[in-house]
Each structure stands twice: as C-alpha cells, then as structure tokens.
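[1] Sequence first, predicted model second:
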Amino acid sequence: MYKTIESSGISKSFGPTKALDEISFSVNESEVFGFIGPDGAGKTTLFRIITTLLLPDKGEIKVLGLDCKADYKKLRKNIGYMPGRFSLYQDLTVEENLNFYATVFGTTIEENYDLISDIYSHIEPFKKRLAGKLSGGMKQKLALSCALIHKPELLVLDEPTTGVDAVSRSEFWDMLAKLRQHKITILVSTPYMDEAMRCDRVALIQGGKILAIDTPQKIREGFSKKLFSARASEKYKLIKALKQFHNTLTAYPFGDSVHVTFMNDTIDDSLYDHLKTSGINDAYITETEAGIEDRFLELMNKPE
Amino acid sequence: MRTILYLIRKEFIQIFRNKFISKAIFAVPIVQMLLLVPAITFEIKNVRLAIIDKDMTPESRGLISKLEGSTFFKISYSTFSEDEANNLLHGNKCNIILHIPSGFGKDIVNRNPGKLLATVDAINASTAQLSWAYLNGVIRDYNKDLITENISTGTMTPFPVIQITNRYWYNEMLNYKYYMLPGILVILVTAIGFLLAGLNMVREKESGTIEQINVTPVRKYHFIIAKMVPFLLIGLVDLALGLVIGKLAFNIPFAGSIFIMFLGATIFLIAVLGLALFISTFSDTQQQYMFVAFFCMIIFILMSGIFTPFESMPMWAQDFNLINPVAYLIRINRMVMLKGSTIQDISHDLSALVLIAICFTTLAVRRYRKRA
C-alpha cells in the first residue's frame, strides 16, 4: 500500500536538547493522522522536518514518495503547511493573502475554489478586511484556505486549534473531515487529548519519542487496568486520601472527577472505610471507560 | 515572471498600506535636502576676534578697520588685558586673539618689521588653519597697502612682483551647497535602500511569514529580487525628488547627463540592497538589524569622502573605500553634476560599483536559506 509518509529513525537535536529521538512511523494515503502530545514533545520539530524546513540529524524520511532531503523542491509544490503561529500577512486583506499564496504556487483561487469553498465561504464576506483584524477563528479558517489553495496532497497542520474557542475547534474538525473526500492526507498535531478521537490514527508523542501509534479506539483499549471515576465534594482531599490507600495504583484529577486504578481492579469496603477515616463521606465511585489521556498517562509513567 | 511581479506587487501594497512609511518615503528627501544642504558647510564666516590693541596708533587702527571690513571676521571684543582675552578664548566667546603690541606703529614708520601675535583656538584643526590663513591674508593685504603707500610717497622703490591670477573651475563661486548636494543625495538614497529593505526582510522573519514562504516553491532569487525592486524604485524616485528640490531651492547646476546619474544610482542601489539583505539573513529581530545597519551606514558615509577630502585619508582608509559603494556614488554624482563627466570619465567608478553590486547580491542570495 502506498504510504504518504514513511519515516525511520528520525533524530534531531538542538544543542544538548534531543528534540526527536529515533522517530519511526508511517502515514497512509487520505487518512487523518494525529500527533498528540504536550508542549515541547517535539511535534513542531517533526513537522518542520516533514515540510522540508529542517533537516534531520539522522534517519530516513520519505513524503509522498519523495526524499525530504534530496527532492525538497518537488515536495514543496505538494505540501500545504499551516504553522502553529498565525503567519499570514496581517497587513494584507483576506483576499490578497489568498491570492498571494495561490500565485506563488502557480495557481489561481478560481482553479481550486471547490476545495476551499466550504471553509472560505465563512470568511468571504470579510474578504476586504485586513488579516490582522480577523478574529481567532476566522484567522484559522483563512490560514487553512491559504494552505489548501494549491490543492496539496499532504496537509500539515501544526496545532491548528490552539488558542481557538471550543465551538470553532469543533467546526474546524468538521472541516477537516470534509476534506477527506478530496483525497488529501492530513497530518495534525494537538495538545488536546479529546481531539484525538477525530483522527483515523494517532501517535502519542512525549519527550521526542513515540509512545504508541494506533487508532484512537485501540489506544483507549490498550489501557491495561480497570479505570474508576471517583467524585466527592472535596476533590483535593479525595485525591490525597486515594493516594494514601494501600491498594491504589494511580490517582489523578480528570475534569471534576478523579481517575483511579487499583492493583486488584476492584473496589471493596476497605476503600470506603479508608475514605471515611480520611473524612470523606460522600465518595461516589464508578467504573468508567479509559480515554486517550488515561492511556497517555499510563504510557508516560510506565517504567522502561 | 508572473510570480515575481506578484511578489513585487505585494511589497508595494504593504509599503503603501503602512501609513507612516508611505509618507516618510516622500517626507525624508524633502526634509533632508532643505535641512542638510544649507546647514553643512565648510565656509568660514564670522570668526570672532578679540583684539588687544596696546599700540593705539593710526597704523594699528588701520589694520583693525581692515579686519572689520572683512566678511570672515567679526570683532567681538576689544580689550587691553591679556588675561581677559585668554578667558574669552577659554570660554568660547572668541576664536582668535589678535595681540597688537605697543610699538607696532612706530616700527612701521621706522621701517622695522612690525610684530603681531595671534592666538587661535585649534580644537577644530581645519577651522583653525583656515581662519589663520584668512587672518594672514588680511594682514598681507594691509602690508601691500603700506608698500604701495610708501612707493607712491617715494619713500620706497618699486620691486618686481609675480602676479598670480587664478580661476576656480566647475564651481566658480566656491559654493559649498553645490559641493554638498550631490553627496547628500547619496546619503538619502543609502538610507532608503539600506534601512527599509533590510527591516522589511527581518519583519517577515519576526512575523513568521517567511516560514510560510519557505515551504512554497518560490525560488529564493525570485524572493530576493522581489524584495529589492520596490526599494530600488523608491530610491530612484527619491533621488529625482531630491534633484528637483536642489534645482528649485538651491538652483544647483547640472552639467552632465541625468541618465548617467540614474544609471549610477541604480547600480549603487543594487549594491546597497544586496548588502542590506545579506545582513538581514544574520538578524532575527529588527532591533538587531538596525544596530548593525546603523553601524555600517555610519562607517560608509563618514569614510566616503563626503565631508573630508578623500585624498588626505590614510592609505588603508582609501583602500577600504574600494569596497565602499557610497564613496563611488558620491564621486560619480559630483563629477556628473558639476563637471558634466561622461560615461568614459566615470567608467572606472561605475565598473567598480557593478562589481560590488554583483558581490553583495550574490552573497545575499547564497546566505538566504529556505531551510535550516
């Protein structure tokens, strides 16, 4: 099967800092592939290598069947890149920006309008407005339009939803889902675990290393213990008490509840007794399904 | 080609959308010409004299009235105290003390050589020497009057004197404005090319837009050309504006061909823009760029021979000027405007500029990396 990206053993260091450490992965044609990891995990560095902006110290990487080092000129014609920071011309209008990127890729807005129409139609009423004067969500739509205007085969989005409100974030993922019908492979990174579910496959990345690569569902299923969700009126006290309990494996806050695992995967009376002696009388504990974040934390804390 | 044109168009849109820059581009030449051309002058006028006349004879008064009649000197103080005169010189109240000792008139009448003492404030060596020379000239004049007087009264026999007649060519009235204006035009064009283009490039770095450009198939020389052309055109427009002001405000003569002057300026601008873009590849912030660019500009301008005669610089400084584009263009401008030099006359300077332009531009294109 044709792989859009194939990488083996990619490493990159900046001085003493190892940004990427032996990264190997492959991305299939027309899939939405997510890199999930906290800030500083190495996502941006990896994306800069894929978009030919940066050379790796070590390792092989082929994108769209082309070598990132040797064939970077050919490659640039077929990649759409949206950097994490908004980097369009703030002093050009919406239309001028789009026109500019169309021209530098040797195309026109009209030629590929069908590809961006879903996204661009949202901001088209403001096409005479300066890009710097757009709201965050509109800036993001413009940036996506500009990255798509030359009909790239691979779209690389570096943290596209960071700093965008929840509604716009959800809208944005809907737009990405629609792009699939145009057979565009999408590589996206995000620090938000909940967005992982919208990808076909995800790679969990941390400290320049890939922890796991799989479908979001499989990654969740990989959680090795039974997960319980605990609630009480005093959350901080609850975590403290759970951590002191002899049978507890892990306990960490998750939204307004606490996610706990136990060595024997069961809750019994001794737990409630322990909580009561710790002064918690309203504890409510149920079994719950593990999410990506739970699996991420499990992998992260796993002793090597 | 379409890409380059579009890139250039984009630069122009951005430049003229910036309310400040778009006005400054036209305000700078006007202010610079009207301010600098009349202000920067080496002409010596109104040298302030303090006179100690201890003689008080018709002879000493004759000399003083000769000094009073000269446009160079202004007798600011007359005193009998040497201490007071020294204090005046120390306090910057006068530039020269002329001491006429008692017996000056008597010596002249008795045909003995008269003695004078001049004390000159020499903080600025060239002003000191020049004013001393002027003072000498006035005294020599006075001396000649005495001789003629004595010959006509028959107390002295005439002797042969060599008469020198001189004529100043190319700037007959020794008008400093004519000398400075071609140089000020160069400073104007340098500032436009050097500062605006470099800052523009660094701004793309700061705002991250260069990252987005780098992933596009835009060729780097397209990008560099698109960064140069707008500022080249603006530089030439400013030059034209400067010339018009020179003509209207100072009635500057233009002996040579306008075409040659613009040819020189075009090559010069390419050189300066190349250097600016080269420096910008090292700078990550506009602040960094400004610092380096300012430093380079000061060196280029002060060493160019705009204020000081090129020939009297030490040898190494003259050698440095082999790579100083400002020095070439100042020479070219002065020759073309005042002497009416032809292409053949300035072919040496022109070809050197071409070489510098090629070098700097090549450096800029080579240093600019689309990937790290």
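    That came in fine, so what should we check first?

[2] what about the closest residue to chain B within chain A, helix or strand, and which?
    Per CB to the nearest CB, A:Ser87 is where chain A lies closest to chain B, at 3.5 Å. In this view, the C-beta of every residue, glycine as well, is placed from N, C-alpha and C. According to DSSP states H and E, A:Ser87 maps onto no helix or strand at all.

[3] Report the contact partners of the closest residue to it other than its chain neighbours.
    Leaving out its chain neighbours, the residue that sits closest to A:Ser87 by CB to CB, 6 or more residues apart in numbering or on different chains is B:Gly208, at 3.5 Å. Counting by CB atoms under 8 Å, 6 or more residues apart in numbering or on different chains, B:Gly208 makes contact with A:83, A:85-87.

[4] and the stretch 151-300 of chain B, which residues reach chain A?
    B:207-209, B:211-218 (CB under 8 Å from any CB of the partner chain).

[5] pLDDT value on the residue lying farthest from the centre of chain A, please?
    The outermost residue of chain A relative to its centre, with distances by CA atoms, centre = their mean, is A:Thr277 at 42.2 Å. We note a pLDDT of 87 for A:Thr277 in this prediction.

[6] Quick check: B:Gly340 vs B:Gly246, distance?
    16 Å (CB to CB, to the nearest Å).

[7] Between these two, which is the more surrounded one?
    In this view B:Gly340 and B:Gly246 are compared by other CB atoms under 10 Å in any protein chain shown, and B:Gly246 has more residues nearby, 22 against 15.

[8] Excluding chain neighbours, give the residue nearest to that one in space.
    B:Ile252 is the one closest to B:Gly246 (CB to CB, 6+ apart), at 4.1 Å.

[9] Over to B:Ser131?
    Nearest one to B:Ser131, counting by CB to CB, 6+ apart, is B:Val47 at 4.6 Å.

[10] just A:Val94 next, same as before
    A:Lys127 (4.6 Å).

[11] Now do the same contact list for that neighbour.
    Contacts of A:Lys127 by CB under 8 Å, 6+ apart are A:93-95.

[12] and if you look at B:Ile13?
    A:92, A:96.

[13] Confirm that it sits in a helix.
    Yes - judged by DSSP: H, G, I helix; E, B strand; the rest coil, B:Ile13 forms part of a helix.

[14] From B:Leu7, how far out is it?
    Separation of B:Ile13 from B:Leu7 (CB to CB) stands at 11 Å.

[15] coming back round to it: now the two most distant members of the residues of the stretch 151-300 of chain B next to chain A.
    B:Ser207 and B:Pro217 (21.1 Å; CB to CB).

[16] Next, the closest residue to chain A within the stretch 101-250 of chain B: phi, psi?
    Distances between the stretch 101-250 of chain B and chain A by CB to the nearest CB are smallest at B:Gly208, namely 3.5 Å. The phi and psi torsions at B:Gly208 (degrees, to the nearest 10) take the values phi 80, psi 0.

[17] Quick check, pLDDT for it.
    pLDDT at B:Gly208 comes out at 88.

[18] Report the beta-bridge partners for A:Leu155.
    For A:Leu155, the beta-bridge partners under DSSP bridges are A:Gly80, A:Ile186.

[19] what's around B:Val138, how many residues?
    Residues lying near B:Val138 (other CB under 10 Å) number 17.

[20] Could you list every helix and strand in contact with whichever strand or helix holds it?
    According to DSSP H and E, B:Val138 maps onto helix B:125-152. Applying 3 or more CB pairs under 8 Å, 6 or more residues apart in numbering or on different chains; DSSP states H and E, we find helix B:125-152 packed against helix B:58-69, strand B:73-79, strand B:96-100, strand B:117-120.

[21] do that again at 10 Å, thanks
    If you count contacts as 3 or more CB pairs under 10 Å, 6 or more residues apart in numbering or on different chains; DSSP states H and E, helix B:125-152 packs onto strand B:47-53, helix B:58-69, strand B:73-79, strand B:96-100, helix B:104-109, strand B:117-120.

[22] Pipe these into CSV and attach mean pLDDT and mean neighbour count per row.
    Converted to CSV, those look like this (pLDDT from 0 to 100; neighbours: other CB atoms under 10 Å in any protein chain shown):
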stretch, mean pLDDT, mean neighbour count
strand B:47-53, 92, 22
helix B:58-69, 89, 16
strand B:73-79, 90, 16
strand B:96-100, 92, 22
helix B:104-109, 87, 17
strand B:117-120, 92, 15
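
[23] still on that earlier bit, possible to save the residues of the stretch 151-300 of chain B next to chain A as a markdown table with secondary structure and distance to B:Ile40?
    Formatted as a markdown table, these follow (DSSP: H, G, I helix; E, B strand; the rest coil; distance: CB to CB, whole Å):
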| residue | secondary structure | distance to B:Ile40 |
| --- | --- | --- |
| B:Ser207 | helix | 38 |
| B:Gly208 | coil | 42 |
| B:Thr209 | helix | 40 |
| B:Glu211 | helix | 44 |
| B:Gln212 | helix | 45 |
| B:Ile213 | helix | 42 |
| B:Asn214 | helix | 44 |
| B:Val215 | coil | 49 |
| B:Thr216 | coil | 47 |
| B:Pro217 | coil | 49 |
| B:Val218 | coil | 44 |
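
[24] what's the closest of those residues to A:Val32?
    B:Val215 (20.1 Å).

[25] isn't the closest one right up against A:Leu54?
    No - B:Val215 is beyond contact range of A:Leu54, at 11.1 Å (criterion: CB atoms under 10 Å).
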